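Chemist: sequence and predicted model, in that order:
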Amino acid sequence: MLNLRGMTLFRGLIGTDAQGQLVAALREIVREAPLFHPVTSSGKQMSVRMTSAGRFGWISDRQGYRYSERHPDGLVWPAIPRIALDIWRDVAGTKREPESCLINFYDAGAKMGMHQDRDEADFAQPVVSISLGDEALFRVGNLTRGGKTESVWLSSGDVLVMAGEARLLYHGVDRVKAGSSTLLPRGGRINLTLRVVT
Ligand code: SIN
Ligand code: FE2
């Protein structure tokens with residue numbers, strides 16, 4: 001267990017078999033609720049592709065970003081996989097269940113700019129982030145934009161919990177190291193972000 005500016009990083013928490021089961025469950029989800037390339041309100045395409053599971057999914061389009069009870073295609077989101085709920089219960093330290101599981105797919109060139117997770121109603125509820133596939137250089141900053149940052153490589157099976165004082169720290173992903181994991185046959189990285197929304 002590693003403390004990253006108040007975030008807790010559980011290295012290798014998810015074993016190889018469980019990672020495989022999780023990927024199989026995600027394949028089913030993507031079949032129902034296909035990955036899409038979100039655009040920002042300014043029309044810029046994000047480099048990750050995403051979809052969601054749970055009551056709420058996170059979407060972004062020309063109207064801006066928000067939680068939505070429907071996929072851009074109009075359907076309700078598939079259920080959050082059991083195994084992801086089990087991981088949440090192990091590490092989240094709350095009685096509440098996650099209402100959203102954002103599924104971000106990073107190919108070799110994808111990244112995620114520095115941001116806060118602050119679209120949820122209750123910041124006392126943690127954010128649990130699961131890494132699968134290729135390694136990612138994850139950067140953590142401060143409670144306001146800018147200032148000194150710290151970076152760490154996240155590997156397949158790592159679970160990061162943002163809670164308490166660290167719940168609203170700025171964070172992002174600078175890059176993904178292609179070919180650093182064999183979990184996904186065609187490479188790339190998946191990040192699952194579990195959150196309580198309401
Ligand atoms: C995010 O914070 O949106 C993603 C973090 C990650 O991919 O590890
Ligand atoms: Fe985030």
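Modeler: Now that the structure is in, tell me what you want to look at. Ligands and ions are numbered 1, 2, ... in the order given.
Chemist: which helices and strands does the host helix or strand of residue 66 pack with?
Modeler: Using DSSP states H and E, the element containing residue 66 is strand 64-68. Packing contacts for strand 64-68, counted by 3 or more CB pairs under 8 Å, 6 or more residues apart in numbering; DSSP states H and E, involve strand 57-61. Heads up, the C-betas are built off the backbone N, CA and C, glycines and all.
Chemist: the strand it packs on: which residues count as buried?
Modeler: Going by neighbour count (16 or more other CB atoms under 10 Å), the buried part of strand 57-61 is 57-60.
Chemist: over to stretch 66-76?
Modeler: Buried residues in stretch 66-76 (16+ other CB under 10 Å): 67-68, 71.
Chemist: give the rounded mean pLDDT of that stretch.
Modeler: In this model, stretch 66-76 has a mean pLDDT of 96.
Chemist: that stretch: end-to-end distance?
Modeler: 15 Å (CA to CA, to the nearest Å).
Chemist: quick check: which element contains residue 161?
Modeler: Assigned by DSSP H and E, residue 161 falls in strand 159-162.
Chemist: right, I mislabeled it, should have said residue 174
Modeler: Assigned by DSSP H and E, residue 174 falls in strand 171-177.
Chemist: how about that strand, does it get close to ligand 1?
Modeler: Yes - looking at strand 171-177 against ligand 1 by CB under 6 Å from any ligand atom, the contacts come from 171, 173.
Chemist: what sits against the residue of the chain found nearest ligand 1?
Modeler: In the chain, no residue comes nearer to ligand 1 than residue 191, which is 3.3 Å away by CB to the nearest ligand atom. The neighbourhood of residue 191, defined by CB atoms under 8 Å, 6 or more residues apart in numbering, consists of 102-104, 106, 129-132, 136, 173.
Chemist: tell me what it is bridged to.
Modeler: On the basis of DSSP bridges, residue 191 takes part in beta bridges with residue 104, residue 131.
Chemist: quick one on the thing from earlier: show residues contacting the strand holding residue 66.
Modeler: Counting by CB under 8 Å, 6+ apart, 38, 40-41, 56-60, 100, 119, 197 sit against strand 64-68.
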